[in-house]
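Trainee: I would like the atomic coordinates for the input below:
(one chain, ligands or ions: 1)
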Amino acid sequence: MLFVMDAIHKTKLMDGRGPARRLREQARAKIERIREQTGQTPTLATVLVGNDPASAAYVRMKRRRCDEVGMRSLLIELPAEISTETLVAEVRRLGDDPAVHGILVQHPVPRPIDRRAVFESIPIEKDVDGVTSATLGRVILGMPAFVPCTPRGIMRLLDEYHVELDGVHAVVIGRSPILGRPMASMLINRHATVTLCHSRTRALPNIVRQADVLIAAVGKPRFVQGGWIKLGAVIIDAGYNEGIIGDVDFDTCIEPASLITPVPGGVGPMTIATLIDQTADAAAMQLGVQWR
Ligand code: NAP
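Mentor: Numbers count the residues shown, from 1 in each chain. Model (predicted):
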């Protein structure tokens, strides 16, 4: 009986590793084409401020993935005490550098720094992590853009598993500018009916119970409970909390769900693959490379 349950559970898993690997292979082919046509290597500059161990680990992971596909990755490490002005100047310098094609400012940036000012100093054509207000505006309007990587990765995963979005009720928990908000816009642009929830939302479990598609981007370990889930719902867990724990209580939520992402191995790999793919596209655009 246990074996049968395990087999059923396996069929519900939305694997992000396979699609991410395929996306990175596509990016590798793009990078080779760019190098052949221009003699230049697509380059991602990552700005890491302070010494938060989790941020340092993310940056290491991203750089390793860049190396694997032949993308150059530059790491600019800066002290936590840096002023907003100096950090903005550093980002502008990267913006002006023709050998840099994508800029990623690893967040969270330490508190006293004006994060928005730093993000806004990234030129839109190098905003491969989708953090500027100009990019967010384009995402809301459904215009071409380098979209924030996590929601873009989630959309890819939903498409990979042929999840119907047209007319369904999607509930997004979390309204951050890099995740919840662009996620809600992207789902609206695909004709879902979207409810965006946050820390002031009342009776959250009742809203979640209406979700055909649920996106959890809360930043609280095992926050979403199995008793909140509509039978047959598709659950995307964007959470990545300390100890590699998602925002969804996987063990109770898998029962009612039709599909669910694991943590790790769901959304995370798609995010990094999307970053690499968007940086390859940014390099191609800046260097005038045509794919066909
Ligand atoms: P964030 O900026 O801290 O935003 C969290 C959101 O959750 C906020 O909008 C907050 O509401 C809402 N929230 C907090 N407590 C809540 C509650 N009790 N009920 C309902 N909503 C609540 O976090 P984020 O950057 O969007 O990240 C969210 C999660 O995704 C984190 O676990 C993070 O580690 C993960 N993440 C994963 C990846 C990846 O590649 N897998 C990438 C980025 C982030 P208010 O706005 O009202 O405060």
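
Trainee: kindly report the residues of the protein close to the ligand.
Mentor: Remark: the part of the chain in contact with the ligand comprises 150, 173-176, 178-180, 197-201, 204, 217-220, 238-241, 247, 267-268, 271, using Cβ under 6 Å from any ligand atom. C-beta: built from backbone N, CA, C; applies to glycine.

Trainee: just these: which are in strands?
Mentor: 173, 197 (DSSP state E).

Trainee: and the buried ones among the residues of the chain next to the ligand, selectable in ChimeraX?
Mentor: Those of the residues of the chain next to the ligand that count as buried under 16 or more other Cβ atoms under 10 Å are selected in ChimeraX with:
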select :150,173,174,175,176,178,179,180,197,204,217,218,238,239,240,241,247,267,268,271
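
Trainee: helices of the stretch 101-250 of the chain, start to end?
Mentor: 115-120, 133-141, 149-160, 180-189, 204-208, 250-253 (DSSP state H, counting those that start in this stretch).

Trainee: okay, the ones you listed in JSON lines with distance to residue 54 and mean pLDDT next?
Mentor: Formatted as JSON lines, those follow (distance: least, Cβ to Cβ, whole Å; pLDDT from 0 to 100):
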{"stretch": "helix 115-120", "distance to residue 54": "17", "mean pLDDT": "98"}
{"stretch": "helix 133-141", "distance to residue 54": "24", "mean pLDDT": "98"}
{"stretch": "helix 149-160", "distance to residue 54": "15", "mean pLDDT": "98"}
{"stretch": "helix 180-189", "distance to residue 54": "20", "mean pLDDT": "98"}
{"stretch": "helix 204-208", "distance to residue 54": "26", "mean pLDDT": "98"}
{"stretch": "helix 250-253", "distance to residue 54": "21", "mean pLDDT": "98"}
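
Trainee: relative to residue 57, which of the ones you listed is closest?
Mentor: Of all the helices of the stretch 101-250 of the chain, helix 149-160 sits nearest to residue 57, with 16.5 Å by Cβ to Cβ.

Trainee: show me what the closest one is packed up against.
Mentor: Helices and strands touching helix 149-160, by 3 or more Cβ pairs under 8 Å, 6 or more residues apart in numbering; DSSP states H and E, are helix 17-38, helix 180-189, strand 234-237, helix 267-287.

Trainee: the inter-axis angle of the first one versus helix 267-287?
Mentor: If I follow you right, that is helix 17-38. Taking axes from the mean of the first three to the mean of the last three Cα atoms, to 10 degrees, helix 17-38 and helix 267-287 form an angle of 10 degrees between their directions.

Trainee: any idea of the mean pLDDT in helix 17-38?
Mentor: Mean pLDDT, helix 17-38: 98.

Trainee: quick check: buried residues in it?
Mentor: Neighbour counts over helix 17-38 (16+ other Cβ under 10 Å) mark 19-20, 23-24, 27-28, 30-31, 34-35 as buried.

Trainee: swap in the shortest one?
Mentor: Along strand 234-237, these residues count as buried under the neighbour rule (16+ other Cβ under 10 Å): 234-237.

Trainee: distance from the chain centre to that strand, please.
Mentor: Relative to its chain's centre, strand 234-237 lies at 14 Å (Cα atoms, centre = their mean, to the nearest Å).

Trainee: equivalent analysis for the second one, please.
Mentor: Averaging C-alpha coordinates over helix 180-189 and over its chain gives two centres that are 13 Å apart (Cα atoms, centre = their mean).

Trainee: and it, what does it pack onto?
Mentor: Counting by 3+ Cβ pairs under 8 Å, 6+ apart, helix 180-189 packs on helix 133-141, helix 149-160, strand 169-173, strand 193-197, strand 213-216.

Trainee: same question, the longest one
Mentor: Contacts defined by 3+ Cβ pairs under 8 Å, 6+ apart place helix 17-38 against helix 53-68, helix 149-160, helix 267-287.

Trainee: so how far is the longest one off the chain centroid?
Mentor: Computed by Cα atoms, centre = their mean, the chain-centroid distance of helix 267-287 equals 11 Å.

Trainee: quick one: buried residues of that helix?
Mentor: 267-284, 286-287.

Trainee: thought residue 279 was touching residue 71?
Mentor: Yes. Between residue 279 and residue 71 there is a contact at 6.4 Å, judged by Cβ atoms under 8 Å.

Trainee: quick check: pLDDT value at the closest residue to residue 147 other than its chain neighbours.
Mentor: Computed as Cβ to Cβ, 6 or more residues apart in numbering, the closest residue to residue 147 that is not its neighbour in sequence is residue 130, at 5.0 Å. Note for residue 130: predicted pLDDT of 98.

Trainee: that concludes my questions; thank you for your assistance.
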